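A.B. asks: Below are the sequence and a predicted model; questions follow.
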Amino acid sequence: MEERYIASIDLGTSKLGLCVARVKGDDVQVVYYKETPSAGIRGSVVANPMKASAPLRKAIQEAEDELMIKILQVVVGMPRSDVRQETATGGIVRSNPEDYITEEEVENLKAMALESYPLDDESSQIMYGAVAQSFSIDDQIQLVESDVVGTLSKELEGNFKVFIGSRRATAAVDKIFNSMGIAIAKKYFLPDVVAKTVLTEEDRQSGVALVDIGAGVTSVAIYQGGIMRSYVAIPFGGKTITGDIRSECSISEDLAEKIKIKFGACMPGKLASLSEKVLQIRLTEPYKEVTVKYISEVIDARCREIINAVLYYIQESGLENNLRAGIVLTGGGASLVNFANLFKELSGYEVRIGFPRHLFSASVGTGVYNPSAAAAIGMVLAAKDDRMPDCITRPEPVWADAPEAETYVEEEPEPEEEPFFVPDATFSQGEQGTLIPEDEYGEKVEEPAVEEKPKKEKEREKEKKPKKEKVRKPAEPSRPRMRWIKDLGSKVKNGVLNFYDEMTREEEEEPLQGGEIKKNEEE
């Protein structure tokens, strides 16, 4: 299968999330993910394109340098605020009612409903997307998309939820990327993309409210029967909490954000010993001292306001009794300490934090599985399903001119002389001669004759003298031949002497007349 890369960018109010993934078939591997502070964005809408482009350009450059690639196109999310939902209907009369209804016909019906829906002001409004709610055929109503495909009918009608947003907001996004020479492959409506990343199919079928708590917007998407039934955006989030800390403590926004991340928590009555901790803010004289409990009280008040607003819109949807799977919190604000517990206490629903599901592998650490990464990861997975083409280009390697290979002439080694070996010689009585030619190893050196002593005297001398072990001296490396000559000489000498002693012993032991012992003939 062909390997391709997909790059996604989540344009948030307080941070930019850039994700690059390698896709091969259904296998998705995230090779890069990083969050950097953003600028010029308010409520997920690009308010100042010039300010917003500077940190975005830097984030893209860092990713290209680290991965050694060039990003040509990206997928981005549409703004989540200033979005309203409307109901649209559409219907067609099929030309051949004897054929099965196909997915292509359903998609054509969706496109027709979007095109035919009248916008109040086309110059300022744009269609963000549509979600099919139900379909009707000749004899059945309230069918979902998966059930209507494959049926027989003369007519096909559909009911849709249409989401309408600001055209100016999307035009600002186009302006930023056009200035950088990067194409936008596709824009995604984020609530549905995030839901498929965080929620399971069972959650969406049973009924669940997905609450995405961003810095500038808190969105609520309600699912029931596997379909998004309602969507609403609340125009405040985590950055509002930071603003409250800044105002109460009279400090900068950056310092207030750091305090919120480090010591922020809801429900001050459940902080135990942490609530008595005192923070010294050394910006002015005298130093400011603020207790963690007081900061928690400020955060708790704003969180309760956010929760009450979410519960109000859940009740307005008419689906408050259908949330069998409870409420799932995601986004950066969901990580605030005790926020899920406070939500559960005020709502009575089962509340949990939603993390990106393990639908992919990652080689960039654990940050990619945080709730704040759900949007960027969701767009990558959606682009994979949409068969998005390769979003990057890899520079071809430039090979330097290789030096010419040096030629070596292999010299033949001189043949080594085999060591001269002579097997042990055996001598018979009266045999004479030499084992080694004299002309090859030098003249023969005759040893002086030694007078033979009587046997008894020889035995006494042997008993007196200690036996010496024969120690072979190591051969000199420069004279290999002389070593073998000495060994041969010692072997010949020892063999002759042993033979002579044996013959003498036999003659002495033979008894003669007069009790004399026969002497050696040679004496």
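C.D. replies: Yes, it's here.
A.B. asks: How about the most centrally placed residue in the chain, nearest residue that isn't a chain neighbour?
C.D. replies: With distances taken as Cα atoms, centre = their mean, Ser363 lies nearest the centre of the chain, 1.3 Å away. Leaving aside its sequence neighbours, Ser363 sits nearest to Val31 (Cβ to Cβ, 6 or more residues apart in numbering; 5.9 Å). Every residue, glycine included, has its C-beta placed from N, CA and C.
A.B. asks: State the three-state secondary structure for the one you found.
C.D. replies: What DSSP: H, G, I helix; E, B strand; the rest coil gives for Val31 is strand.
A.B. asks: Same question for Gly365.
C.D. replies: coil.
A.B. asks: Near it, how many other residues are there?
C.D. replies: Other residues within reach of Gly365, judged by other Cβ atoms under 10 Å, total 9.
A.B. asks: ok, now Glu289?
C.D. replies: For Glu289, the tally of surrounding residues (other Cβ under 10 Å) stands at 10.
A.B. asks: pretty sure it contacts Gln280?
C.D. replies: Yes - assessed by Cβ atoms under 8 Å, Glu289 is found in contact with Gln280 at 5.6 Å.
A.B. asks: what residue ranges in the stretch 201-350 of the chain are flagged as low confidence?
C.D. replies: Within the stretch 201-350 of the chain, the segments meeting pLDDT under 70 span 284-285.
A.B. asks: and the closest residue to Ala325 other than its chain neighbours, what is it in contact with?
C.D. replies: Nearest residue to Ala325 in three dimensions, chain neighbours excluded: Val208, at 3.9 Å (Cβ to Cβ, 6+ apart). Residues in contact with Val208 (Cβ atoms under 8 Å, 6 or more residues apart in numbering) are Leu199, Ile222, Tyr223, Leu323, Arg324, Ala325, Gly326, Ile327, Val328.
A.B. asks: Please repeat the previous calculation with a cut-off of 10 Å.
C.D. replies: Contacts for Val208 (Cβ atoms under 10 Å, 6 or more residues apart in numbering) come out as 195, 198-200, 202, 221-224, 319, 322-328, 349-350, 354.
A.B. asks: Tell me the bridge partners for the closest residue to Gly367 other than its chain neighbours.
C.D. replies: Closest residue to Gly367 apart from its sequence neighbours, by Cβ to Cβ, 6+ apart: Tyr33 at 6.2 Å. Applying DSSP bridges to Tyr33 gives these bridge partners: Cys19.
A.B. asks: can you tell me the helix or strand for the residue nearest to Val46 when sequence neighbours are not counted?
C.D. replies: Distances taken as Cβ to Cβ, 6+ apart place Ala172 nearest to Val46, at 3.9 Å, with adjacent residues excluded. Per DSSP states H and E: Ala172 is located in helix 167-180.
A.B. asks: Extract the CA atoms of the helix or strand following that helix and return them as CSV.
C.D. replies: Once the chain leaves helix 167-180, the next helix or strand it forms, by DSSP H and E, is strand 183-188. The C-alpha coordinates for strand 183-188 follow below in CSV (Å, rounded to 0.1, in the frame of the first residue of the first chain):
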residue,chain,number,x,y,z
ALA,A,183,-3.1,24.8,0.7
ILE,A,184,-6.1,23.8,2.8
ALA,A,185,-7.1,20.3,1.8
LYS,A,186,-10.3,20.3,3.7
LYS,A,187,-12.1,22.1,6.6
TYR,A,188,-13.9,19.9,9.2
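A.B. asks: could you say what helices and strands strand 183-188 packs with?
C.D. replies: strand 3-11, strand 73-77, strand 125-136, helix 167-180, helix 374-385 (3 or more Cβ pairs under 10 Å, 6 or more residues apart in numbering; DSSP states H and E).
A.B. asks: as a whole number, average confidence for it?
C.D. replies: Computed over strand 183-188, the mean pLDDT rounds to 93.
A.B. asks: Check which strands are paired with that strand and give the direction for each one.
C.D. replies: Checking strand 183-188 against DSSP bridges gives partners strand 73-77 (parallel).
A.B. asks: For Val30, see how far away the residue nearest to the centre of the chain is.
C.D. replies: For Ser363, the distance to Val30 equals 7 Å [Cβ to Cβ, to the nearest Å].
A.B. asks: Show me whatever sits in contact with both of those two.
C.D. replies: Arg22.
A.B. asks: distance between stretch 295-314 and the chain's centre?
C.D. replies: Here stretch 295-314 is found 37 Å from its chain centre; the criterion is Cα atoms, centre = their mean, to the nearest Å.
A.B. asks: Pull out the buried residues from that stretch.
C.D. replies: Buried residues in stretch 295-314, counted by 16 or more other Cβ atoms under 10 Å: 295-300, 302-303, 306-307, 309-311, 313-314.
A.B. asks: Which of these fall within helices?
C.D. replies: Those of the buried residues of stretch 295-314 mapping onto helices are 295-300, 302-303, 306-307, 309-311, 313-314, per DSSP state H.
A.B. asks: Phi, psi for the nearest residue to Glu98 once chain neighbours are set aside please.
C.D. replies: In space, and not counting its chain neighbours, Glu98 is closest to Leu152: 7.0 Å by Cβ to Cβ, 6+ apart. The phi and psi values for Leu152, taken as degrees, to the nearest 10, are phi -110, psi 130.
A.B. asks: Now for Leu152: which residues touch it?
C.D. replies: So Leu152 contacts Arg94, Pro97, Glu98, Asp99, Tyr100, Ile101, Ile137, Asp138, Asp139 (Cβ under 10 Å, 6+ apart).
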